[in-house]
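> mind folding the following:
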Amino acid sequence: MFQSNRGFTLIEALIALIVFLACAASFPLLYDAAYRAIETSKAEKNMEWEIFVVQLRNEMQMSKNWHVSGGKLYYGEADALTSISQYQDKLRRQINGRGHEVMLQHIKTAVFSFEGGKLYIHATFQNGEEEEASFYHFNRETP
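Have a look, this model is predicted:
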């Protein structure tokens, strides 16, 4: 049987310590990079939501005949009836049932409802975050 009375030398111990410290020092950097990536994606989602709300508010302030039917929001006149509905993981805009303009992405569910003369939109995103917006109707032709 081969025996060695040799243990770790000081050089080997220092090399092992340097490797350990390098690994330990990289964890905060990796954590910070992951945190920044998550925050950036949240900021993009928030900006997309705000753009969606502003665009929808502008369109709806100029339109009449708002109503919700079958999970879709309808507004406008009969010759140019606009609908907003969920299609797969997107909210899309169509005019007279034609077209496919994506207004919002990564949606799990979107619910439109009228309560007390006010339109409510509640959206749940695929990452579990929820957003809500409400609109007053200034043109009094809603049902």
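
> quick check: bridge partners of His122?
Bridge pairing for His122 (DSSP bridges) gives the partners Val111, Glu132.

> scratch that, Arg98 is what I was asking about
In this entry, Arg98 is beta-bridged to Ile95, by DSSP bridges.

> pretty sure Trp66 contacts Tyr75?
Yes. With contact defined as CB atoms under 8 Å, Trp66 counts as touching Tyr75 (4.7 Å). (Each C-beta comes from the backbone N, C-alpha and C, glycine too.)

> ok, now how distant is Ala24 from Leu14?
Here the criterion is CB to CB, to the nearest Å. By it, Ala24 lies 15 Å from Leu14.

> now swap in Val102 and tell me
Separation of Val102 from Leu14 (CB to CB): 58 Å.

> where along the chain do the helices fall?
Ranges of helices in the chain, per DSSP state H, are 10-61.

> residue contacts, the spatially most central residue of it?
Central residue of the chain (CA atoms, centre = their mean): Lys45, 4.0 Å from the mean position. Shown in contact with Lys45 (CB atoms under 8 Å, 6 or more residues apart in numbering): 106, 125, 127, 129.
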